[in-house]
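# Based on what follows, work out the 3D shape:
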Amino acid sequence: MQTQHSDHLESWKLFVVIGSLCLAIFLHGLDTNIIGVAMPEITTEFNSLNDIAWYGSSYLLTVTAFQPLFGNLYKYFRAKPVYLASIFTFEVGSVICAAAPTSAVLILGRSILGLGAAGLLQGALAIIGYAVKLEKVPQYQGIVISAFGISVCTGPIIGGSLTDRTSWRWCFWINVPAGFLVIVLILVFVRIQPKADQVNQNLPLSKKLAHLDAFGTILFIAGICCLLIALQLGGNTIPWKSSKSIGLLVGFAALIATFSLLQWHRGEYATIPPRIIAKRSIYTGALVLFFLGMSSLTYTYYLPIFFQSIQGVSATHSGVRFIALVVPQIVLLVVTGAIVSKVGYYVPFILLGITIDCIGAGLITTLGVETPNIRWAAFLVVNGIGIGMAQQLPYTALQAVLDPLDVATGNAIAVFSFQLGGALGIAIAQNLFLTKLANAVANTTADVSPQAVINAGAMGLPMLAKSSAMLFTLREAYAEAIRYTFILALVAACAAFPWALGMEWLNIRKIAEARRAEAVERASNAIGPEAEDKTACGGPRAVENSRDAPIEME
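Sure thing, here's the model as predicted:
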């Protein structure tokens, strides 16, 4: 009798599936990172420095809030239609952003982009979990996530070149033909049917819809919106003690409390089932990703401002400089994934990566107007090495501790945590940046008002400065303000370490071997056609333990 694990995808079939996933993730990563270098130009065109956090947060809000929903969609419906719908929605958002006449429309487009992106990374992780053997999951996750890293590397360069030579709008138009190509490749070449999910996919539509928890999603989005608005406006546009700030924070607490009670009441029908989030490696891994997201995504939006506004380089050169941060990430993602696939243990690499990340983040806080190239480049390389080692492995942990039917939900929790950390980090960073910028300008010069500097946008300093000395003074004020955003990134990176210490020290190779041995033993103990029939047809016991069930190429 053939063992289950012999049916995993190999050769050209695996290449097509992984290649298609890499293309889609590259598209997602390109949009996430291409806008950073264009941000100064956008704020100058729309006079919208106050909106800079919303360009990131509106995207990350929908990416975050819809992660649990997409987790259930991938759990209860066919993966291919859900994945294609995600890419199509992503493309619609790209067109809206590219044609946006105002800052508000651009923010709307970014929200729609985030809705589409919510299903991309999670879908890729779920498909990998079915396509390869468990011990190979870290390696292939590293390959696919490295596509995101490649887009992080090329995105700023592409975005900078487009912004300098044409318009920032082409940072979004470029997604349209790329997205169309991804849709065609997936539509034509990728046909998947995860056998381990047959029980869920055979449920009646009414039960599937009951699991989607639309009301819970609405509560969560409303709560996070209240928190983001409070964090961005409090102490800056409105006082922290004002009724608006207090009302927003109270509204956030009330909505999230209601959401939590709803999850507890719904039990297995919850968007985030309590029995899953209660697992030690799940909640600790989620918190590791939350703080790493807060740290790394803060750099995505504020390092381009440092390079362009403070050191005065072009958008293209800003993108080139970003290579120092992202190339080490790409290399370490792949290398660490391959090593973990061999040795099995992943927690030591998470701890080592976070330690290196914290060292790099601490060094980045020392950057200033006249920091030489060799110094800032070395600091970014150190930080990139740490992020690359640590960032992917919490996804491996959930593969080790969850049953097959719960992996999609686990992926949703993991991606959700990372994006939520990023959204909150960008909101807090904007508040810190604008508050400290106003103070720094007021303390260093009387020739220009703080509001005039803010209204000018990130690329407007040369237009405000009447002399080279004044320009240098304004750049120093920017550097002093942006240092607080880098300190936030450092604190977040450090906060990830104790949660990584709390993760279970498991060996994914040994877990895979144990599961395969258990599957073989069950098969050998199955006596008579009736027992064999139940196993072959995917009875509950068989499905629950078929972590190594393959993808069928239809």
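
# Report the residue spans of the stretch 201-350 of the chain with pLDDT below the cut-off.
For the stretch 201-350 of the chain, the stretches with pLDDT under 70 are 201-203, 210-211, 232, 235-237.

# Show me where the stretch 1-150 of the chain has its helices.
With helices called from DSSP state H, counting those that start in this stretch, the stretch 1-150 of the chain shows them at 11-46, 52-65, 67-76, 79-98, 103-117, 120-131, 137-165.

# Apologies, that question was intended for the stretch 151-300 of the chain.
170-173, 175-189, 198-201, 205-212, 214-233, 243-266, 274-277, 280-305.

# Of all those, which one comes closest to residue 435?
helix 214-233 (10.8 Å; Cβ to Cβ). Using the backbone N, CA and C atoms, a C-beta is placed for each residue, glycine as well.

# rewinding a little: can you put the helices of the stretch 1-150 of the chain in JSON lines and add distance to residue 488?
Formatted as JSON lines, those follow (distance: least, Cβ to Cβ, whole Å):
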{"stretch": "helix 11-46", "distance to residue 488": "17"}
{"stretch": "helix 52-65", "distance to residue 488": "12"}
{"stretch": "helix 67-76", "distance to residue 488": "23"}
{"stretch": "helix 79-98", "distance to residue 488": "27"}
{"stretch": "helix 103-117", "distance to residue 488": "22"}
{"stretch": "helix 120-131", "distance to residue 488": "24"}
{"stretch": "helix 137-165", "distance to residue 488": "20"}
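
# Next, format those as a markdown table and append distance to residue 353 and mean pLDDT.
Shown next, in a markdown table, are the helices of the stretch 1-150 of the chain (distance: least, Cβ to Cβ, whole Å; pLDDT from 0 to 100):
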| stretch | distance to residue 353 | mean pLDDT |
| --- | --- | --- |
| helix 11-46 | 19 | 75 |
| helix 52-65 | 22 | 74 |
| helix 67-76 | 23 | 77 |
| helix 79-98 | 29 | 87 |
| helix 103-117 | 24 | 88 |
| helix 120-131 | 19 | 71 |
| helix 137-165 | 13 | 73 |
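
# Setting aside sequence neighbours, what's the nearest residue to the residue nearest the centre of the chain?
Note on the chain: the residue nearest the mean C-alpha position is residue 419, at 4.6 Å, using Cα atoms, centre = their mean. In space, not counting the residues next to it along the chain, residue 419 is nearest to residue 64; the distance is 4.0 Å by Cβ to Cβ, 6 or more residues apart in numbering.

# Give me the distance between that neighbour and residue 21.
Note on residue 64: its distance to residue 21, by Cβ to Cβ, to the nearest Å, is 21 Å.

# list the contacts for residue 267?
For residue 267, the contact set (Cβ atoms under 8 Å, 6 or more residues apart in numbering) comprises 273, 274.

# That one and residue 213: what is the separation?
Taking Cβ to Cβ, one finds residue 267 at 11 Å from residue 213.

# got it, and residue 227?
Applying Cβ to Cβ, the value for residue 227 to residue 213 is 20 Å.

# Over to residue 493?
Distance of residue 493 to residue 213, given as Cβ to Cβ: 33 Å.

# who's more crowded, these two?
Between residue 493 and residue 213, counted using other Cβ atoms under 10 Å, residue 493 has the larger neighbour count: 28 against 22.

# For that one, what is the enclosing helix or strand?
helix 468-501 (DSSP states H and E).

# how far out from the middle of the chain is that helix?
In this view, helix 468-501 has its centroid 21 Å away from the chain centroid, taken as Cα atoms, centre = their mean, to the nearest Å.

# Which elements pack onto that helix?
With contacts taken as 3 or more Cβ pairs under 8 Å, 6 or more residues apart in numbering; DSSP states H and E, helix 468-501 sits against helix 280-305, helix 347-364, helix 373-390, helix 407-444, helix 461-464.
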